[in-house]
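[1] Got a predicted structure plus its sequence, pasted below:
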2 protein chains.
Amino acid sequence: MPEQTTTAARRGRPGNDRSDVINAAVALFNQHGYEATTVGMIAEQLGVSKSAIYHHVTSKEDLLASALDRALSSLEGMLAEAKESGATPVDRLERTIRGTVTVLIEELQSVTLLLRLRGNTDLERAALDRRRKFNVSVAELMNEADETGSLRTDIDPGVATRFVFGMVNSIIDWYRPGGPLDADMIGDHIVGVVFDGLRPRS
Amino acid sequence: MPEQTTTAARRGRPGNDRSDVINAAVALFNQHGYEATTVGMIAEQLGVSKSAIYHHVTSKEDLLASALDRALSSLEGMLAEAKESGATPVDRLERTIRGTVTVLIEELQSVTLLLRLRGNTDLERAALDRRRKFNVSVAELMNEADETGSLRTDIDPGVATRFVFGMVNSIIDWYRPGGPLDADMIGDHIVGVVFDGLRPRS
């Protein structure tokens, strides 16, 4: 093997930046589980050497932390925007639901990783804690919408929040990129069911 | 240790039948994962010897098969009843949704096991295949309700089915036995959201 190729392989191929390494790692974590995935497998997936991976990240846990932070930061950023949008509580709730759908689809692999965490380590528990805070904020929006009379009174807002997350989070189980549905269409469908249900309005 | 106690331990304590062994196994499978659970852990959980376990079942895989069959048979039996109830398609759909909630809550641990399967073995793939057939039957009920004009026309029935399963299956993540909500109340809430949504009807 010519020296030039070896050096290129060691340093990582052109176009392989930290973000590519995280993407490859997250896909493998989701496929094989975090424990069963090795840095060697990530290197093989990218067609580079292990040391090329360590050029970008310090450890496998560093990759997990970065992936979870990306998923959580996207969700938190979207929520902050929706909350500051100045609309009514029910509008802010609707924006948040649509925004969550968009983040799930744009960050499908890292959000899948987040949603499947079991809380086995301090790092995982910290991520689950941030996820819980996000969920609580959405539940607060649901409560605000309820208190301002925008929701029917016979359904508990806490249970309604669970159902909304059930619908939104199911996306990771059935959505396939490149299929007939995009984030906007899925957002329309979810908002349609959540607020108006499947029965035709006469 | 007196001989009597030893014999009792070997044969299983009074009240430990095959069903108790399956229950203990399923709880441990859900907690630690199927691979990480040993027959020794199941025996310890029940306070009996390993040979007492083998008095009831032939292998760990036998326990997994029995647990999955229990979850699937409950779902299939409920579905058959709902389909033969002679009501309109949308009524049959509503009965099926309520029935699925009831089975999930009555068989919480075995359905949790089923919903978390990854399809690693032939046994798991066969169970996932039965689960898929159940899902297809529910999708057919949704289509029938749609074709008879009982559902709004701007929401795809296939996507609506995904959302219903998203809501119903989320129960395994948040429902805790002994809490304030029972199966009927959760069924009312789900049916309420699915058909009429959260916005008050004027």
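    All right, it came through fine.

[2] Quick check: residues of chain A near chain B?
    A:149-156, A:159-160, A:162-163, A:165-171, A:173-174, A:181, A:186, A:189-190, A:192-201 (CB under 8 Å from any CB of the partner chain). For glycine as for every other residue, the C-beta is placed from the backbone atoms N, C-alpha and C.

[3] Please repeat the previous calculation with a cut-off of 7 Å.
    Counting by CB under 7 Å from any CB of the partner chain, chain A comes close to chain B at A:151-152, A:154-156, A:159-160, A:162-163, A:165-167, A:169-170, A:174, A:189-190, A:192-200.

[4] of those residues, buried ones?
    Among the residues of chain A next to chain B, the ones that count as buried by 16 or more other CB atoms under 10 Å in any protein chain shown are A:151-152, A:155, A:159-160, A:162-163, A:165-167, A:169-170, A:189-190, A:192-199.

[5] Other residues contacting the one helix or strand residue A:71 maps to?
    Using DSSP states H and E, residue A:71 sits within helix A:60-83. Helix A:60-83 is contacted by residues A:21-22, A:25-26, A:29, A:34, A:39, A:57, A:92, A:95-96, A:99-100, A:103, A:107, A:110-111, A:113-114, A:123, A:127, A:130-131, A:134, A:137 when judged by CB atoms under 7 Å, 6 or more residues apart in numbering or on different chains.

[6] from these, which would you call buried?
    A:21-22, A:25-26, A:29, A:34, A:39, A:57, A:92, A:95-96, A:99-100, A:103, A:107, A:110-111, A:113-114, A:127, A:130-131, A:134, A:137.

[7] mind showing which ranges of chain A have poor pLDDT?
    Within chain A, the segments meeting pLDDT under 70 span A:1-15, A:202.

[8] Can you pull up the most central residue in chain A?
    What sits nearest the mean C-alpha location of chain A, by CA atoms, centre = their mean, is residue A:111, with 2.4 Å.

[9] residues touching that one, list them.
    Residues counted as contacts of residue A:111 (CB under 7 Å, 6+ apart) are A:71, A:103-104, A:172.

[10] With residue A:96 instead?
    A:79, A:82, A:138, A:141.

[11] cool, and residue A:197?
    B:193-197.

[12] JSON lines for these, including secondary structure?
    Shown next, in JSON lines, are the contacts of residue A:197 (DSSP: H, G, I helix; E, B strand; the rest coil):
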{"residue": "B:193", "secondary structure": "helix"}
{"residue": "B:194", "secondary structure": "helix"}
{"residue": "B:195", "secondary structure": "helix"}
{"residue": "B:196", "secondary structure": "helix"}
{"residue": "B:197", "secondary structure": "coil"}
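
[13] Following element in sequence after the helix holding residue A:71, please.
    Proceeding N to C from helix A:60-83, the next assigned helix or strand is helix A:89-106, under DSSP H and E.

[14] That following helix to helix A:60-83, inter-axis angle?
    150 degrees (axes from the mean of the first three to the mean of the last three CA atoms, to 10 degrees).

[15] still on that earlier bit, buried among the contacts of residue A:96? Make that a ChimeraX selection.
    What follows is the ChimeraX syntax for the buried subset of the contacts of residue A:96, where burial is set by 16+ other CB under 10 Å:
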select /A:79,82,138,141
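
[16] how about the contacts of residue A:96, which pair is most distant?
    A:82 and A:138 (9.5 Å; CB to CB).

[17] ok, which stretches of chain A are helices?
    In chain A, helices defined by DSSP state H lie at A:3-11, A:18-32, A:39-46, A:50-56, A:60-83, A:89-106, A:108-115, A:122-147, A:157-174, A:183-196, listed in chain order.

[18] Output these as CSV; include the columns distance to residue B:45.
    Putting the helices of chain A into CSV (distance: least, CB to CB, whole Å) gives the following:
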stretch, distance to residue B:45
helix A:3-11, 51
helix A:18-32, 29
helix A:39-46, 35
helix A:50-56, 41
helix A:60-83, 31
helix A:89-106, 37
helix A:108-115, 29
helix A:122-147, 25
helix A:157-174, 30
helix A:183-196, 41
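
[19] do you know which of those helices lies nearest residue B:88?
    When these are compared (using CB to CB), the closest one is helix A:183-196, at 20.4 Å.

[20] Packing partners of that closest one?
    Judged by 3 or more CB pairs under 7 Å, 6 or more residues apart in numbering or on different chains; DSSP states H and E, the packing partners of helix A:183-196 are helix A:89-106, helix A:157-174, helix B:157-169.
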